[in-house]
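Asker: Build me a model:
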Amino acid sequence: MPFYSWDDMKRRNLVKTTDSEGSLILGEFTTVTRQVQGPGKATRPHIHGCEQMIQIVEGEGWFRVGDEEKTVHAGEMVHIPEGTLHEQRNAGAGRFVYLSFKNRSEDWPPPEALDS
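Answerer: Okay, the predicted model is just below:
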């Protein structure tokens with residue numbers, strides 16, 4: 001199916017390292033997830049065997065990528081190189097929404113993300 005609506009897709013926890021809920025679109029070589037995280041929720045430190053790009057859609061989030069830290073807002077992007085330790089949390093009072101773009105790799109998507 002070439003057309004999607006995030007609002008029509010089921011949202012659930014996709015991976016063990018995060019408190020967020022998301023929806024996943026699987027392409028042949030790439031994936032996109034839309035993650036929604038409530039106040040105080042976080043994604044614990046982890047790495048991927050692929051590069052990741054994150055587009056901030058709504059709210060305020062704090063990220064650590066390698067040795068760098070930054071609070072980000074809607075309209076900003078975060079680039080996470082392959083194999084780089086990273087973590088993030090909702091830094092605001094409202095929900096934090098972001099899109100995550102990754103290429104498929106040995107560890108992405110994990111089996112739990114593919115469960116219905």
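Asker: Could you look up the SS state of the residue nearest to Met9 when sequence neighbours are not counted?
Answerer: Distances taken as C-beta to C-beta, 6 or more residues apart in numbering put Ser23 closest to Met9, at 3.9 Å, once the chain neighbours are dropped. Backbone N, C-alpha and C define where each C-beta goes, glycine included. Under the three-state scheme (DSSP: H, G, I helix; E, B strand; the rest coil), Ser23 adopts strand.
Asker: For Ser23, list the residues it contacts.
Answerer: The contact partners of Ser23, by C-beta atoms under 8 Å, 6 or more residues apart in numbering, come to Trp6, Met9, Lys10, Arg11, Thr33, Arg34.
Asker: Pull the contacting residues for the fifth one.
Answerer: Contacts for Thr33 (C-beta under 8 Å, 6+ apart) come out as Leu14, Gly22, Ser23, Leu24, Ile25, Leu99, Ser100, Lys102.
Asker: Around the fifth one, count how many other residues there are.
Answerer: Going back to what we said before, that points to Ile25. Residues lying near Ile25 (other C-beta atoms under 10 Å) number 14.
Asker: Identify the residues contacting it.
Answerer: Tyr4, Thr31, Val32, Thr33.
Asker: switch the cut-off to 7 Å
Answerer: Neighbouring residues of Ile25 by C-beta atoms under 7 Å, 6 or more residues apart in numbering: Tyr4, Thr31, Val32.
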